[in-house]
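Asker: show me the folded form of this:
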Amino acid sequence: MSTDAIVVLKEDHKNVKRLFKEFQAAEDGPAEKKARIVTQILQELTVHTYLENEVMYPEIRRLLPDLDDDILESYEEHHVADVLCMELATMTPDDEHFDAKVTVLIESVTHHIDEEEQEWFPKVREQLGRNQLQEIGARMQQLRPDAPTTPSEPKALKKALDAMRA
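Answerer: Below is the predicted model of the structure:
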């Protein structure tokens with residue numbers, strides 16, 4: 001497998017989109033199947049966003065400051081996905097909001113993937129050399145085994161919740 005950062009991230013995107021299709025195909029299927037697919041979606045997204053947030057985004061901000069607005073938007077899109085994932089992790093397919101919440105997650109993440117792949121990945125590839133992309137990808141692959149696999153409260157949400165509880 002390539003260590004090119006963009007190839008690594010596109011492979012993750014492909015896996016997530018496959019799981020989205022599986023969920024959509026199982027819409028009227030057994031609750032256990034839907035729950036299993038959503039658990040896999042949450043795991044894939046948690047690992048993927050961790051790798052982007054910890055390695056890819058900081059490196060791109062450092063190396064390509066002209067893409068800063070794109071990266072900041074991506075961080076916010078991750079935040080929205082994190083909140084949805086955290087909520088879904090506490091739900092079952094029997095919850096009346098479950099399918100709707102998964103649908104919103106799918107729409108949000110699909111939009112995010114499309115923006116990355118069509119808008120800023122080409123800019124990154126054009127401006128960074130092959131070796132730089134391979135180094136970034138290798139660091140992501142090195143972190144992957146230790147990446148979190150279950151959603152946790154996003155920092156901003158946790159801070160807001162803590163303030164409300166005080």
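Asker: any weak-confidence spans in this protein?
Answerer: Filtered on pLDDT under 70, the chain yields the residue ranges 1, 153-166.
Asker: please repeat the previous calculation with a cut-off of 50.
Answerer: The model of the chain has pLDDT under 50 over residues 156-157, 160-161.
Asker: buried sites along stretch 100-117?
Answerer: For stretch 100-117, the buried set under the neighbour-count rule, 16 or more other Cβ atoms under 10 Å, comprises 101-102, 105-106, 108-109, 112-113, 116. No exception for glycine: its C-beta is placed from N, CA and C like everyone else's.
Asker: so what touches it?
Answerer: Outside stretch 100-117, the residues that touch it by Cβ atoms under 8 Å, 6 or more residues apart in numbering are 9-10, 13, 16-17, 20, 23-24, 38, 41, 45, 70, 73-74, 77-78, 80-81, 84-85, 87-88, 91.
Asker: could you redo the last one with a cut-off of 7 Å?
Answerer: Residues from elsewhere that reach stretch 100-117 (Cβ atoms under 7 Å, 6 or more residues apart in numbering): 10, 13, 16, 20, 23, 38, 45, 74, 77, 80-81, 84, 87-88.
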